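Asker: With the sequence up front, the predicted model follows.
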Amino acid sequence: MGESVSTGAFEPRIVVFACNWCSYAGADTAGVSRLQHSPKFRVIRTMCSGRVNAAHVLRAFQLGADGVLVSGCHIGDCHYIFGNHWAIKQFEVTKGLLRTLGLEEGRVRLEWVSAAEGPRWASLIDEFVAQIQALGPSPLRGGSDRAFREEPVGSEVTA
Amino acid sequence: MTAGANSSGVLRCLDCGKCTSACPVARYNHALSPRRIVRRLADGGTGAGTAASAAGLAASPPAAQEALWSCLTCMYCDTRCPQEVTISRLVPRLREKVREGGGQPPFTRCGVMESLTVLQSQAELPQNRLDWLPDDVQTDPQGKTLLFVGCLPYFDVFYAENGVRTIEAAVAAIRLLNVLGIAPAVRADERCCGHDALWSGDPATFERLAQMNVKMFQEAGAERVITVCPECSLTLGREYKERFGEPAGTVQHLAEFVAEHAGELPLQARPQAVSFQDPCRLGRHQGKYEEPRTALTAVPGLELHEMDHSRTRATCCAGSWLSCNQATKRIQTDLLKEAAATGAQALVTACPKCMIHLKCAQSGDAAVPDLPVRDLAVVLAEALTAQAVATSAQERG
């Protein structure tokens, strides 16, 4: 990772909100199954995808994210029965606000990944990373001098 | 002296407590006492002592800071103070201090509105903020009158679940201007005016937004700016003026402009009984009490039922993006009950934010009167004769 950081090429910063019961476990499954996939994302575990609202996604962009993925249990599988239905509603609001700000729709995605779907998680992450790589840096990067940090993703890990 | 305490006149305080007894928040939320804030600063006596007190407040634990965030800066206390202490001007400075010290405001809705304000201060921002423009209104990119729409396109996305359609006020404003022979400029590169950033203690974001808007006004060559939101007219008309002169020429809220031209509007009779909510930013902050009433009563058949709490005594809608709790809900409930008790069929306001906060209070609560909350511009535009609207569309088209 240290090498790729030093090249100065565009390193997408991707924030992934994963629900505790399905998607986070799905990511874990991908990991313990040693499925190779892009490491260019940061996971934030939430108890439910329904917890993630427009404010969280906007804050991620405010702090310099180039893409945000929200992931939860498949419809019908939500640990809290209807949390992912709520997630869909809130995601529509999020998309509406980002559209008004002028952000490309492809920078956000809502997906369902179960705890068993390790391979699906791996391919989804690769696909999303490639999608953000193609879109380039977010136009919303770095507006907040208070919050924006220049160091690339993973630098604290490399150090 | 730190935190602008002296310019706010805290040393003149007589400790009479009128501010706290008048404060709409203090009635229900004992965490806030304007008097306590002022005394704390004044008791230092000297400039240095005041600065230390301000720093002390900034360093106090979050619970003690609640007072600062729960203040609505509605200016009710200022108008009651016999010593002319301007508490509402002091609070944002103290908030700034607290934030400098690492304190975080308890933003409502997880801070979505704050994020939108900060994100709008991005240099490169390809906003789609004109999607709402209907085909049958006339706008002119070269127009000398600029309609400043503000954050309405964002509000309607986020508050759709509360049945909020603030953008109707902007559409109505354009229709009214069209009938008066004006095709206003409406800009896609407009930014948030920065009002909330300034009042919540984030002057850096305010400065960025203000500079962008000033540049936009200069590019547009605007000679007059009309706003739909009184927060925008307050910010452009006072804060921008203090810092940049008059980058946008005359700044008026739509109600002021319409009041000047009330006689020229072709209005038909629309019998209705309404009450009027004086938005704090239009009333107490800018002293515009008569203008919205002149505009509203220009509609033939419209009866204005005043609440006891109107004009300087108007109750604030209790909305800010810094506090939303049982105290604010009770203020809103009281306000709506008082409006309903006047026999009015609707409560008219001239501020999109009043509408948002009052509609939110009504959402899913049977105990709150479900009196329709309407925007002044919409009520006026509805009363325009169909013929006048058609003619104005034809002339310009």
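Answerer: All right, it came through fine.
Asker: Now for chain A, the helix or strand with the poorest mean pLDDT.
Answerer: Of the helices and strands making up chain A, the lowest-confidence element is helix A:155-158, at a mean of 39, by mean pLDDT, DSSP states H and E.
Asker: How many residues are close by the closest residue to B:Q326 other than its chain neighbours?
Answerer: Distance criterion CB to CB, 6 or more residues apart in numbering or on different chains; nearest residue to B:Q326, sequence neighbours excluded, is B:Y28 at 7.2 Å. Where you see a C-beta, it was placed from the backbone N, CA and C, and this is true even at glycine. Using other CB atoms under 10 Å in any protein chain shown, B:Y28 has 18 neighbouring residues.
Asker: A helix includes B:Y28, no?
Answerer: No. With the criterion set as DSSP: H, G, I helix; E, B strand; the rest coil, the secondary structure at B:Y28 is coil rather than a helix.
Asker: I'd like to know how far the closest residue to chain A within the stretch 151-300 of chain B sits from B:M355.
Answerer: Here the residue of the stretch 151-300 of chain B nearest chain A is B:V157; by CB to the nearest CB that distance is 3.8 Å. The gap separating B:V157 from B:M355 is 15 Å, by CB to CB, to the nearest Å.
Asker: In chain B, where is pLDDT below threshold?
Answerer: Within chain B, the ranges that satisfy pLDDT under 70 run B:1-6, B:44-64, B:395-397.
Asker: cool, chain A as well?
Answerer: Per-residue confidence of chain A (counting by pLDDT under 70) places the weak regions at A:1-7, A:142-159.
Asker: Thought B:C192 was touching B:C151, still the case?
Answerer: Yes. With contact defined as CB atoms under 8 Å, B:C151 counts as touching B:C192 (5.4 Å).
Asker: shared neighbours, the two?
Answerer: Between them, B:C151 and B:C192 share these contacting residues under CB atoms under 8 Å, 6 or more residues apart in numbering or on different chains: B:116-117, B:120.
Asker: Which of the residues you listed fall within strands?
Answerer: Secondary structure assignment (DSSP state E) places none of those within strands.
Asker: For the buried ones among those, write the corresponding ChimeraX selection.
Answerer: Of those, the buried ones go into a single ChimeraX selection, burial set by 16 or more other CB atoms under 10 Å in any protein chain shown:
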select /B:116,117,120
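Asker: Out of the shared contacts of B:C151 and B:C192, which are close to chain A?
Answerer: Among the shared contacts of B:C151 and B:C192, the residues within reach of chain A (CB under 8 Å from any CB of the partner chain) are B:116, B:120.
Asker: want to try TSV for the shared contacts of B:C151 and B:C192, with distance to B:S7 as columns?
Answerer: Below are these laid out as TSV (distance: CB to CB, whole Å):
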residue	distance to B:S7
B:L116	31
B:T117	25
B:Q120	29
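Asker: List the contacts of the biggest strand by length in chain B.
Answerer: With DSSP E applied, the strand covering the greatest number of residues in chain B is identified as strand B:272-277. Contacts with strand B:272-277, where a contact means CB under 8 Å, 6+ apart, come from B:292-293, B:296, B:299, B:301-307, B:310, B:314-315, B:317, B:335, B:339, B:342-349, B:354, B:358, B:373-374, B:379.
Asker: Let's check: the centremost residue of the chain is which one?
Answerer: Just going to use chain A. A:V16 (2.4 Å; CA atoms, centre = their mean).
Asker: nope, chain B please
Answerer: Central residue check for chain B by CA atoms, centre = their mean: the C-alpha nearest the mean position is that of B:E231, 3.5 Å away.
Asker: What is the helix or strand containing that one packed up against?
Answerer: Secondary structure assigned from DSSP states H and E places B:E231 in helix B:230-234. Based on contacts counted as 3 or more CB pairs under 8 Å, 6 or more residues apart in numbering or on different chains; DSSP states H and E, the elements that helix B:230-234 packs against are helix B:195-199, strand B:250-253.
Asker: ok, and what's touching the longest one?
Answerer: What that stands for is helix B:195-199. Residues from elsewhere that reach helix B:195-199, judged by CB under 8 Å, 6+ apart: B:73, B:91-92, B:95, B:113-114, B:117-118, B:121, B:203, B:205-206, B:209, B:231-232, B:234-235, B:239, B:320-321.
Asker: In helices, which of those residues appear?
Answerer: Judged by DSSP state H, the subset of the contacts of helix B:195-199 located in helices is B:91-92, B:95, B:113-114, B:117-118, B:203, B:205-206, B:209, B:231-232, B:234.
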